[in-house]
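**Student:** A predicted structure for the sequence below; I have some questions about it.
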Amino acid sequence: MEGITLKTTVNEILRHFPETVGLLSGLGLDTCCGGAEPLEEAAKAAGQDPEAVLRALEAFLEEEKA
């Protein structure tokens, strides 16, 4: 997977980066039934700022690499 964008679905993120499930669910995103939604829509549905969720994901994955 190239990189995560706001158009990437939650399911795609979880398929490529299963370790993010705790982060996403902790932010209130539906990691089960709503996983077909793009990250932007899922974040908004959870009452989160999509850009902030994207930054949190990027930071988490960067930390995982270290």
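**Tutor:** Received the coordinates, thanks.

**Student:** contacts and neighbour counts: CA atoms only from here.
**Tutor:** OK.

**Student:** Torsion angles phi and psi at Thr9?
**Tutor:** Backbone torsions of Thr9, given as degrees, to the nearest 10, read phi -80, psi 160.

**Student:** burial count for it?
**Tutor:** 20 (other C-alpha atoms under 10 Å).

**Student:** my guess is it meets Glu41, correct?
**Tutor:** No - with contact defined as C-alpha atoms under 8 Å, Thr9 does not count as touching Glu41 (9.0 Å).

**Student:** Find the residue ranges of this structure scoring beneath the pLDDT cut-off.
**Tutor:** When residues are selected by pLDDT under 70, those of the chain lie in 1.

**Student:** for this structure, which helix is longest?
**Tutor:** helix 50-65 (DSSP state H).

**Student:** buried stuff in it?
**Tutor:** 50, 53-54, 57 (16 or more other C-alpha atoms under 10 Å).

**Student:** Helices along this protein, start to end?
**Tutor:** 10-16, 21-26, 39-45, 50-65.

**Student:** and the longest helix of the chain, how far out from the chain's middle?
**Tutor:** With C-alpha atoms, centre = their mean, to the nearest Å as the basis, helix 50-65 stands 8 Å off its chain's centre.
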